[in-house]
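Peer 1: here is a sequence together with a model predicted from it:
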Amino acid sequence: MSRSVLVTGGNRGIGLAIARAFAEAGDKVAITYRSGEPPADLSELGVLAVRCDITDPEQVEQAYKEVEDKHGAVEVLVANAGVTRDQLLLRMSEEDFTSVVDTNLTGTFRVVKRAARGMLRARKGRIVLISSVVGLLGSAGQANYAASKAGLVGFARSLARELGSRNITVNVVAPGFVDTDMTRALTDEQRAAILGGVPLGRYAQPEEIAASVRFLSSEDAAYITGAVIPVDGGLGMGH
């Protein structure tokens, strides 16, 4: 059955892989993106691309109206959009901290709240938040990012209790290091140091994150809510 799926930050990296996975499975997929242009193959897959900065409540509302007009009420939401502004604590500015939290945590609050409106009426829904292994075990120079991603866990588990009686599940996927443009920009020494802490000894492929998201959005996962699923090659185990 084709569902209305929305993936925020779906124009590259993990979000793009998630959008493609749902579209290839036959769902009606929309993505939001803040800058740049989505890959051409998304339109070939029938994916609706909507420009939206999730730090702006009015843009979020307008994006939902466009998605609902084309695909109907959102039945599956994947809150993936996020940013980094890495800096050591004593060099981190107020803006470095608040801008990351406003996008990664407060922005997620905005898109989830808007999706929940239709899900509550329908008495069903799937919400998946994309956190990070960094939110579980921490990372020097990423206090803002780690705080925002850790906050998603408490947010999701609170909503799992709040929305569960309406057949709405809320779960978290916590990727480790993924083979994307961002990690490819690292030096060989940096990549080697990271892989030294990963028991499986390799980076994840974006499609592996997408597979976990699709599972949590499926009927097979109907009795899973409030869970944090690590897809990190064992890097964060125990957290």
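Peer 2: Yep, it's here. Numbers count the residues shown, from 1 in each chain.

Peer 1: going forward, measure contacts and count neighbours with C-alpha atoms only.
Peer 2: Will do.

Peer 1: now tell me what touches the top helix by length along the chain from outside.
Peer 2: If you go by DSSP state H, the chain has its longest helix at helix 143-163. The contact list for helix 143-163 (CA atoms under 8 Å, 6 or more residues apart in numbering) reads 83-86, 88-89, 96-98, 100-101, 104-105, 120, 129, 131-132, 134-136, 138-139, 168-172, 225-228.

Peer 1: which residue ranges form the strands in the protein?
Peer 2: 4-8, 28-33, 48-51, 76-79, 125-130, 168-175, 228-231 (DSSP state E).

Peer 1: and the last one, what does it pack against?
Peer 2: Yep, that's strand 228-231 we're talking about. strand 168-175, helix 206-216 (3 or more CA pairs under 8 Å, 6 or more residues apart in numbering; DSSP states H and E).

Peer 1: out of the strands of the chain, which gets nearest to E66?
Peer 2: strand 48-51 (7.8 Å; CA to CA).

Peer 1: so the residue with the shortest distance to the centre of the chain versus I14, what's the distance?
Peer 2: Taking CA atoms, centre = their mean, the centroid of the chain lies closest to N80, which sits 2.1 Å from it. Separation of N80 from I14 (CA to CA, to the nearest Å) stands at 8 Å.

Peer 1: same thing with G226?
Peer 2: Counting by CA to CA, the gap from G226 to I14 is 21 Å.

Peer 1: what about these two, which has more around it?
Peer 2: I14 (23 against 20; other CA atoms under 10 Å).

Peer 1: was I right to think that one contacts A211?
Peer 2: No - with contact defined as CA atoms under 8 Å, I14 does not count as touching A211 (10.8 Å).

Peer 1: and D181, how many neighbours?
Peer 2: 10.

Peer 1: excluding chain neighbours, what is closest to it?
Peer 2: Nearest residue to D181, sequence neighbours excluded (CA to CA, 6 or more residues apart in numbering): G13, at 7.3 Å.

Peer 1: surely the one you found meets Q205?
Peer 2: No - using CA under 8 Å, G13 is not in contact with Q205, being 9.6 Å away.

Peer 1: so for the residue lying farthest from the centre of the chain, what's the pLDDT?
Peer 2: Taking CA atoms, centre = their mean, the residue of the chain most remote from its mean C-alpha position is L90, at 28.7 Å. At L90, the model reports a pLDDT of 98.

Peer 1: other residues contacting the helix or strand of the chain with the lowest mean pLDDT?
Peer 2: Every helix and strand in the chain was compared by mean pLDDT, DSSP states H and E; the lowest is helix 181-184, with a mean of 76. Contacts to helix 181-184, defined as CA under 8 Å, 6+ apart, come from residues 13, 177, 191.

Peer 1: any idea how far V7 is from A30?
Peer 2: For V7, the distance to A30 - CA to CA - is 6 Å.

Peer 1: I appreciate the help and will end here.
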